[in-house]
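quick one: sequence and predicted model below, then my questions.
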Amino acid sequence: GVAAALKRGGEERLNHGRGQLRACEARADGHHVGVVVLAAQLRFERIGALTGCTHASVWIRPDGTPAGGAEDVGRHVALDKLLGLRAREGWRDGALVVSSRASYEMVQKAAGKGRILRYEASVAGAVPVVEALRTSLAGNRISSLMGILNGTSNYILSEMTSNGLDFDVALKQAQQLGYAEADPTLDIDGHDAAHKLTLLIRLAYGVNYPYTAMPVRGIRGMSSLDIALAREFGYRIKLIAQVRERREPGQPDDKVRLEAGVFPALVPYTVLLARVGGVYNAVRVSGNACGSLFFHGRGAGDLPTAGAVLADLMAVARDENPHNTGYACDDLPRASIVPPAEWRSRYYVRVMVEDEPGVLRDLAGCMADQGVSMAQVIQRTDEGKGVPLVFMTHETTEEAMSTALQRTLDTGMLRQPAVYFRVLD
């Protein structure tokens, strides 16, 4: 992919003062591998029993002329692709690492070794949000960041919304097209988006928000009924990764907490995020100086990823040595976290009830006991599994919402557990 991106971009336009970049091809273990050479020689190494895959390393002398081998290394760049395994091996040799799968552990390893880690392709593919947060937006205080960071889940939801497919059919179609893995757990359960969000939080806020502390909810088993009902209300359901500042009146800046998580949400159709379809990714960043910025583009695929990797390689060739997190210290403090129970939002709720008098009254009573107020209600006809009763709430806490719905289930008025999603404004 990197070689293809270089060829399509035109080699004559990519001379960045470190010798002409040129594309070549090589074979390793019988598999075709596209590579890029920065005025240098290329070699492939086998990483023992780690993965059995190929490791591409590029050397350039400080003067930009080709280096002959490990004994003549001016700059050693490890092109990482498989979850950092090859990157770890590269750091052992003193390499600079360009990764498409960066993680917090890799950032820590790079800081400990005093090495550069470039990872633009690790979040949103071709969308240059990593570099924007690290450099262009460094003069802003970021108040919120939200986006669609997983192309597989977005493709499934788009097909369910636009073509009326059931979840299982849309997932199988995504797998056939190569948009989803044979085991799609990381994508459809929200974990991939959550890992990417932790990287963006470090860049935007200069803190470490542990993945294990982040609430994550995916789209597994999403009902086509909820997709259709959301449309009736004027919304689209998207898998959203979001972080925002939670500031109390009179609270000093160093006491501001962060509310972050990954969850399906109803997004108003008039909002640009609602219109991001297929495997595309998007990120909306709000800052005190820049206002709202919207980044949108292909989030996956050989060329989108390769273009981002190539940009990182060219930055290395230009001797750009940025801090890996965009902050003077790579050992970032732990974020002050808002517990999920305290999150405030409006909610979409669907319950399946018996078609009997007084059900809506009893349901509203359970909501009111927890301070949850209904703003809009729709009742559909009985579909054999009960009557779908759908309502939108006014703003309330996650704790109040989950407690109220559990009470309705405990009283026996529901045919099955309620389905509820946050509503973005």
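In hand now; what should we look at? Numbering: from 1, shown residues only.

using the three-state scheme, assign the most far-flung residue of the chain relative to its centre.
Within the chain, residue 357 marks the point farthest from the mean C-alpha position, 45.2 Å out by C-alpha atoms, centre = their mean. Residue 357 falls in the coil class when you classify it by DSSP: H, G, I helix; E, B strand; the rest coil.

contacting residues around it?
Listed by C-beta atoms under 8 Å, 6 or more residues apart in numbering, residue 357 has no contact partners. C-beta coordinates here come from the backbone N, C-alpha and C atoms, glycine included.

for residue 371, see how far away it is.
Using C-beta to C-beta, to the nearest Å, residue 357 is found at 26 Å from residue 371.

tell me which stretches of this structure form helices.
2-9, 85-92, 104-113, 129-131, 151-163, 167-176, 185-188, 191-205, 224-232, 302-317, 359-369, 398-410 (DSSP state H).

pull the residues that contact stretch 222-233.
So stretch 222-233 is contacted by 156-157, 160-161, 164-167, 236-237, 264, 266, 348, 350, 376, 378, 380, 388, 390, 392, 419, 421 (C-beta under 8 Å, 6+ apart).

average pLDDT for it?
Stretch 222-233 carries an average pLDDT of 93.

equivalent analysis for stretch 159-174, please.
96.

residues of it that come out buried?
By neighbour count on 16 or more other C-beta atoms under 10 Å, the buried set for stretch 159-174 is 159-161, 165, 167, 170-171, 173-174.

and for stretch 174-188?
Using 16+ other C-beta under 10 Å as the burial criterion, the residues of stretch 174-188 that qualify are 174, 179-180, 184, 186-188.

which one of these is nearest to residue 108?
Comparing those against residue 108 with C-beta to C-beta places residue 186 closest, at 21.3 Å.

so that closest one makes contact with residue 196?
No - the criterion here is C-beta atoms under 8 Å, and residue 186 misses it with residue 196 at 10.9 Å.

thinking again about what came up before, mind giving me the PyMOL command for buried ones among the contacts of stretch 222-233?
The buried subset of those, as determined by 16+ other C-beta under 10 Å, is captured in PyMOL by this line:
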select buried, resi 156+157+160+161+165+167+236+237+264+266+348+350+388+390+392+419+421
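
which stretches of the stretch 201-350 of the chain have low pLDDT?
Scanning the stretch 201-350 of the chain for pLDDT under 70 picks out the ranges 250-254, 314, 316-330.

off-centre distance for stretch 300-318?
Taking C-alpha atoms, centre = their mean, to the nearest Å, one finds the center of stretch 300-318 at 18 Å from the center of the full chain.

let's see it as PDB, backbone CA atoms only.
Below are the C-alpha coordinates for stretch 300-318, written out as PDB (Å, rounded to 0.1, in the frame of the first residue of the first chain):
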ATOM      1  CA  ALA A 300      -9.400   2.100   6.500                       C
ATOM      2  CA  GLY A 301      -8.000   0.300   3.400                       C
ATOM      3  CA  ASP A 302      -4.600  -0.100   1.900                       C
ATOM      4  CA  LEU A 303      -4.200   3.300   0.300                       C
ATOM      5  CA  PRO A 304      -5.700   5.500   3.000                       C
ATOM      6  CA  THR A 305      -3.600   3.900   5.700                       C
ATOM      7  CA  ALA A 306      -0.500   3.800   3.400                       C
ATOM      8  CA  GLY A 307      -0.800   7.600   2.700                       C
ATOM      9  CA  ALA A 308      -0.700   8.300   6.400                       C
ATOM     10  CA  VAL A 309       2.300   6.000   6.900                       C
ATOM     11  CA  LEU A 310       4.100   7.600   4.000                       C
ATOM     12  CA  ALA A 311       3.500  11.100   5.500                       C
ATOM     13  CA  ASP A 312       5.100   9.900   8.800                       C
ATOM     14  CA  LEU A 313       8.100   8.400   6.800                       C
ATOM     15  CA  MET A 314       8.600  11.700   5.100                       C
ATOM     16  CA  ALA A 315       8.500  13.600   8.400                       C
ATOM     17  CA  VAL A 316      11.200  11.200   9.700                       C
ATOM     18  CA  ALA A 317      13.200  11.900   6.500                       C
ATOM     19  CA  ARG A 318      12.900  15.600   7.200                       C
END
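
only the buried residues of that stretch, if you could.
Within stretch 300-318, the residues that count as buried by 16+ other C-beta under 10 Å are 300-301, 303-317.

can you check stretch 342-354 too?
Using 16+ other C-beta under 10 Å as the test for burial, stretch 342-354 gives 343, 345-353.

residue contacts, the residue lying closest to residue 378 once chain neighbours are set aside?
Of all residues not flanking residue 378 in the chain, residue 390 sits nearest, at 4.6 Å (C-beta to C-beta, 6 or more residues apart in numbering). By C-beta under 8 Å, 6+ apart, the contact set of residue 390 is 229, 348-350, 377-380.
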